[in-house]
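J.: requesting a structural model of the entry that follows:
(one chain, ligands or ions: 2)
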Amino acid sequence: ACSSRVVLSQMHPMWQEPLEVPGGERQSPIDISMRKSIFDPNLKPLVTQYDPRTCQQIWNNGYSFLVEYDDTTDKSTLRGGPLEDQFRLCQFHFHWGENNSWGSEHTVDRHLYPAELHLVHWNADKYALFEEAVVEENGLAVIGVFLKVGKTHEGLQKLVDALPAVRHKDSVVEFTKFDPSCLLPESINEYWTYAGSLTTPPLTEAVTWIIMKQPIEVSHDQLAVFRSLLFTSAEEEAQKSMVNNFRVQQPLKGRTVRSSFT
Ligand SMILES: NS(=O)(=O)c1c(F)cccc1F
Ligand SMILES: [Zn+2]
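T.: Ligands and ions are numbered 1, 2, ... in the order given. Okay, here's the model as predicted:
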């Protein structure tokens, strides 16, 4: 439903960055400075309602793996927090490094996490399709959750077990009845929020970012399976392991990052 088949240069897994996105005033990712973020008491609690029956498939798009949801109805939604409208979940994916020292796209006071989860939602009150919303400034809402190495994440394991089936670029496998709320931290009402962009092409400035303060814990072995995926398709000669699929950090350009907590 929302798999934006963007063309990424095969020359280098970390696609050649355009120097500046034309008029890029609100690009992502960024470093979140805790002491510079502003507590906003008007931020509401986040409300997620995810129906596992809308989970459809896992797809390796040559940059990450996406777990895609049926977003043709209002069964899996996000509202509240900084959002004025109701947003539909269309997919979630991750960004990670080649080792546990780095991998996240956002950082907190320059602290790097080994990986970051993005739950991508689009504004279904204002637009009819993800593809329409992705070019609008209030089109998308992405929940970011940091991953840290610790105990095995039981809920993630079902996803990890399916990854070998999508090892190569453009492979798809059916994947159903997965409740993404199991990937949220206990306290979803401690978050930072700011106006940003997609971190992959088309890099459009359409995203209200909602970054969770509390990371989730996954095991070293679970992260290692992420790194067993490939950027390259089965036909290609040289196989390139899918690692370091994060974008370089972008200038804040005067933006304010708000926090829901003091
Ligand atoms: N990384 S990200 O969350 O900005 C993102 C989106 F929001 C939408 C599509 C692809 C993608 F990668
Ligand atoms: Zn992402």
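
J.: so what pLDDT did residue 237 get?
T.: According to the prediction, residue 237 has pLDDT 86.

J.: typed the wrong thing, it's residue 201
T.: Residue 201 is assigned a predicted lDDT (pLDDT) of 93.

J.: next, count neighbours for it.
T.: When neighbours are counted by other CB atoms under 10 Å, residue 201 registers 17. Just so you know, the C-beta spots here come from the backbone N, C-alpha and C atoms, and that holds for glycine as well.

J.: how much space separates it from residue 228?
T.: Counting by CB to CB, to the nearest Å, the separation of residue 201 from residue 228 is 25 Å.

J.: again, but for residue 186
T.: According to CB to CB, residue 186 and residue 228 sit 29 Å apart.

J.: which one of those two has more residues nearby?
T.: Between residue 186 and residue 228, residue 228 has the larger neighbour count (other CB under 10 Å), namely 13 against 7.

J.: what about that one, which SS state?
T.: For residue 228, the assignment made with DSSP: H, G, I helix; E, B strand; the rest coil gives coil.

J.: for it, give me the pLDDT.
T.: 98.

J.: thought it was touching residue 243?
T.: No - with contact defined as CB atoms under 8 Å, residue 228 and residue 243 do not form a contacting pair (9.8 Å).

J.: please enumerate the helices of this structure.
T.: Residue ranges of the helices in the chain, as given by DSSP state H, are 130-133, 154-162, 220-226.

J.: rebuild the ones you listed as JSON lines, extending it with distance to residue 210.
T.: Listed next are those as JSON lines, based on distance: least, CB to CB, whole Å:
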{"stretch": "helix 130-133", "distance to residue 210": "16"}
{"stretch": "helix 154-162", "distance to residue 210": "20"}
{"stretch": "helix 220-226", "distance to residue 210": "23"}
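
J.: and residue 214, how many neighbours does it have?
T.: 14.

J.: where's it relative to residue 154, distance?
T.: Residue 214 is 17 Å from residue 154, where distance means CB to CB.

J.: ok, now residue 191?
T.: Residue 191 is 24 Å from residue 154, by CB to CB.

J.: and if you look at residue 67?
T.: Using CB to CB, residue 67 is found at 17 Å from residue 154.

J.: more crowded one of the two?
T.: Taking neighbours as other CB under 10 Å, residue 67 and residue 154 compare with residue 67 leading, 21 against 8.

J.: contact partners for the more buried one?
T.: Contact analysis of residue 67 by CB atoms under 8 Å, 6 or more residues apart in numbering lists 55, 57-58, 91-93, 159, 175, 178, 180.

J.: of all those, which comes closest to ligand 1?
T.: Nearest to ligand 1 among those is residue 93, at 6.1 Å by CB to the nearest ligand atom.

J.: that closest one contacts residue 69, correct?
T.: No - the criterion here is CB under 8 Å, and residue 93 misses it with residue 69 at 11.8 Å.

J.: so between those two, which is more surrounded?
T.: Here residue 93 and residue 69 are compared on neighbour count by other CB under 10 Å; more neighbours surround residue 69, at 28 against 20.

J.: distance-wise, check the residue nearest to residue 253 when sequence neighbours are not counted relative to residue 251.
T.: In space, and not counting its chain neighbours, residue 253 is closest to residue 25: 5.3 Å by CB to CB, 6 or more residues apart in numbering. Taking CB to CB as the measure, residue 25 and residue 251 are separated by 9 Å.
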